[in-house]
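**Q** Here's my sequence, what's the structure:
(one chain, ligands or ions: 1)
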Amino acid sequence: MKKITSIIALVAMALSFGAEAQNEITVNADKPGSVINKHIYGHFAEHLGHCIYDGMYVGESNTKIPHINGVRKDVIEALKKLKIPNLRWPGGCFADTYHWKDGIGPKKQRPSIVNAWWGGVTEDNSFGTHDFLNLCKELGTEPYLAGNVGSGTVKELSDWVQYVNHNGVSPMADLRKTNGQEKAWGVKFWGVGNEAWGCGGNMRPEYYANIYRQYATFMTDWDNGSKLFRIASGANSKDYNWTEVLMRDIPHHMLEGIALHHYSVINWDKKGPAVGFTEAQYFKTMQEALFMDELIQKHTAIMDKYDPKKKVALVVDEWGGWYEVEPNTNPGFLFQQNTMRDAVLAGATLNIFHKHSERVRMANLAQIVNVLQSVVLTSGEKMLLTPTYHVMEMYNVHQDATNLPIEIKTNDYSFEDKKLPAVSASASKDKAGLVHISLTNIDIRNAQEISINLQGLTAKTVTGRVLTASSVQDHNTFDQPNKVTPTEFKGATLSGNVLKVKLPATSVVVLEVK
Ligand code: AHR
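**A** Down below sits the predicted model:
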């Protein structure tokens with residue numbers, strides 16, 4: 001009898017080890033970390049495909065679509081809910097071809113521009129500086145202007161700064177007033193070129209560092225309280241030497257941020273479809289997304305060497321998933337659908353940014369409407385919110401909250417002989433004392449049971465929202481715009497200071513603990 005009992009006990013033990021109880025998280029609410037700068041929730045609007053023209057911007061005449069100064073009302077309303085802290089414009093590669101003076105003054109008299117990088121289409125410059133800055137005002141977002149270094153001049157960029165920021169009497173302030181804008185907008189964020197190693201001029205880092213010094217010298221802080229935040233064109237993914245040279249060769253009193261671009265792309269020559277991808281392609285996308293952690297660690301280590309006080313911010317001003325364009329669309333327009341793959345990509349990436357919030361103080365998802373990993377897609381009068389939109393909205397509770405350090409032990413998500421951590425997480429405490437915990441499960445087959453230890457926190461209630469779907473391929477369409485939307489999460493229970501959570505396969509959850 002004794003022997004049978006011990007066999008049963010052994011079997012029970014073996015079964016319990018086999019079950020999914022391996023995920024453990026400790027949220028250290030008693031060890032607050034750095035503030036999660038709201039600017040890591042930034043977006044990016046380039047003159048590319050139907051991001052601006054026939055996307056957000058439908059023009060002031062000849063349209064039945066309700067708009068405010070030519071920008072779709074439905075898009076404005078949707079974007080307001082995201083609480084977008086900053087919006088980058090006009091590029092991207094386009095920025096280094098853009099001459100801002102072509103986009104001011106009476107619209108009918110503006111010269112055209114051929115969008116050489118993106119589809120070779122001719123644009124009429126009807127969406128220019130005033131349109132963009134007024135849109136930002138409407139959205140309650142801070143503009144982030146990307147200056148033309150590749151094909152512009154020092155004077156041109158210097159004049160743009162004066163045009164938008166000088167309140168006194170000056171040639172550019174006077175010109176702005178003639179164009180109907182009395183008061184300067186006070187733009188703080190400025191990109192000094194874009195991808196200077198590539199479409200921004202194919203420069204070497206030493207050369208760009210010199211050029212940066214020259215341009216930045218003539219970007220004046222005008223007397224309107226908006227001290228400029230200048231962002232150097234940063235590294236392409238793991239080009240660590242680029243960061244090294246810029247940090248070494250640019251004096252830090254003229255450098256507020258240094259950029260980093262990293263796209264989760266399977267293979268630049270064979271990107272795979274946005275919908276109908278294989279598990280191998282999904283796995284590779286996740287691998288690339290999670291690689292952001294290593295990238296940030298390594299760029300940060302270089303920055304720490306030259307700037308131990310972390311005065312210069314790492315600005316990930318282009319990130320997201322990049323796939324093949326949708327069939328029968330212009331290959332230069334980068335229009336792609338957005339599935340649950342993109343939702344978990346976004347959740348996992350934001351968790352990484354939170355973890356590195358001391359150095360990563362700004363980021364921009366590429367791009368906001370109809371291009372790459374968009375939050376909004378439009379078609380004629382229709383508009384839809386993508387799964388990525390919902391993640392950005394669910395996560396925005398972390399904006400300007402204090403990051404709470406976490407320890408995490410997670411099961412693997414395995415595919416063939418490869419493995420990735422299935423669960424990623426982050427936590428923060430906001431100014432009202434509310435704790436939010438974000439969890440992402442990239443495993444497309446297995447739910448994850450997680451035990452969360454709330455260290456230093458007396459919790460009474462837990463509520464939450466979940467974004468999930470029956471398939472990782474699920475997405476919203478113009479005919480079925482609400483197939484993937486967040487719902488109330490009922491899979492969390494609190495007992496003392498331990499939270500038990502069951503995360504569905506392929507899901508993003510945000511919990512609020514009081
Ligand atoms: O976001 C699309 C393009 O990707 C941008 O224009 C460029 O900066 C990057 O290569």
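**Q** Stretch 487-495 spans what distance, first to last residue?
**A** 23 Å (CA to CA, to the nearest Å).
**Q** Would you mind giving the domain segments of this protein?
**A** According to automatic domain parsing, the chain comprises the domains 20-31+405-513, 38-400.
**Q** backbone phi and psi for the residue in the chain that the ligand sits nearest to, please?
**A** In the chain, the residue that lies nearest the ligand is G92 (2.8 Å; CB to the nearest ligand atom). For the C-beta atoms, the positions are set from N, CA and C on the backbone; glycine is no exception. Phi and psi for G92, reported as degrees, to the nearest 10, are phi 70, psi 180.
**Q** Identify the residue spatially nearest to it, adjacent ones excluded.
**A** E46 (3.7 Å; CB to CB, 6 or more residues apart in numbering).
**Q** What number of neighbouring residues does the one you found come out with?
**A** When neighbours are counted by other CB atoms under 10 Å, E46 registers 28.
**Q** Make sure I have this right: it is in a strand.
**A** No: with DSSP: H, G, I helix; E, B strand; the rest coil as the criterion, E46 is located in coil rather than a strand.
**Q** still on that earlier bit, pull the contacting residues for the residue of the chain closest to the ligand.
**A** By CB atoms under 8 Å, 6 or more residues apart in numbering, G92 lies in contact with F44, E46, H47, L48, W117, A146, N194, E318, A366, Q367.
**Q** what's near enough to touch the nearest residue to Y57 once chain neighbours are set aside?
**A** Spatial nearest neighbour of Y57, excluding adjacent residues (CB to CB, 6+ apart): F127 at 4.8 Å. Residues in contact with F127, defined by CB under 8 Å, 6+ apart, are H47, I52, Y53, Y57, G70, G103.
**Q** Quickly check those for the two that are furthest apart.
**A** Greatest spacing in the contacts of F127, by CB to CB: H47 and G70 (14.5 Å).
**Q** Comparing the two, which shows the higher neighbour count?
**A** Taking H47 and G70 together and counting by other CB under 10 Å, H47 has the greater number of neighbours (26 against 19).
**Q** separation between that one and I437?
**A** Distance, H47 to I437, using CB to CB, to the nearest Å: 39 Å.
**Q** Those residues of the stretch 51-200 of the chain touching the ligand, which are they?
**A** By the rule CB under 6 Å from any ligand atom, the part of the stretch 51-200 of the chain lying against the ligand is G91, G92, C93, N194, E195.
**Q** ends of stretch 158-172, how far apart?
**A** Rule used - CA to CA; the end-to-end distance of stretch 158-172 is 10 Å.
**Q** contacting residues around it?
**A** Under the criterion CB under 8 Å, 6+ apart, residues 100-101, 104, 129, 133, 145, 147, 173, 175-176, 183-187, 190, 218-220, 222-224, 226, 228 lie in contact with stretch 158-172.
**Q** Could you tell me which of those residues count as buried?
**A** Neighbour-count burial (16 or more other CB atoms under 10 Å) applied to the contacts of stretch 158-172 gives 100-101, 104, 129, 133, 145, 147, 173, 175-176, 184-187, 190, 219, 222, 224, 226, 228.
**Q** Out of those, list just those in strands.
**A** L145, G147, W190 (DSSP state E).
**Q** would you list those residues in CSV and tack on pLDDT?
**A** Formatted as CSV, those follow (pLDDT from 0 to 100):
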residue, pLDDT
L145, 98
G147, 98
W190, 98
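**Q** T386: which of those residues is nearest?
**A** Distance to T386 across those (CB to CB) is lowest for L145, with 25.9 Å.
**Q** close enough to count as contact, the closest one and N86?
**A** No: contact between L145 and N86 fails when scored by CB atoms under 8 Å: they sit 10.4 Å apart.
**Q** which residues are common contacts for these two?
**A** F189.
**Q** how deep is P421 tucked in, by neighbour count?
**A** The tally of other residues near P421 (other CB under 10 Å) stands at 18.
**Q** now it: how far from S414?
**A** Counting by CB to CB, the gap from P421 to S414 is 11 Å.
**Q** Could you do E195 as well?
**A** The gap separating E195 from S414 is 36 Å, by CB to CB.
**Q** OK, contacts around the residue most central in space within the chain?
**A** With distances taken as CA atoms, centre = their mean, the residue of the chain nearest its centroid is L365 (2.7 Å). Residues in contact with L365 (CB under 8 Å, 6+ apart) are G42, H43, F44, W319, G320, A346, Q373, V375, T388, M392.
**Q** how about 7 Å then?
**A** Counting by CB atoms under 7 Å, 6 or more residues apart in numbering, L365 makes contact with H43, F44, W319, G320, Q373.
**Q** partners of the one helix or strand it maps to, with directions?
**A** Using DSSP states H and E, L365 falls within strand 360-366. The pairing partners recorded for strand 360-366 under DSSP bridges are strand 42-44 (parallel), strand 313-321 (parallel).
**Q** Quick one: check the first one for contact with the ligand.
**A** So that's strand 42-44. No: taking CB under 6 Å from any ligand atom as the criterion, strand 42-44 and the ligand are apart, separated by no less than 6.9 Å.
**Q** what about the next helix or strand after that strand, distance to the chain center?
**A** Note on strand 42-44: by DSSP H and E, the next helix or strand toward the C-terminus is strand 67-68. Its chain's C-alpha centre and that of strand 67-68 lie 25 Å apart, by CA atoms, centre = their mean, to the nearest Å.
**Q** Give me the mean pLDDT for strand 67-68.
**A** The average of the pLDDT scores along strand 67-68 is 96.
**Q** now stretch 315-324, how far from the centre of its chain.
**A** 8 Å.
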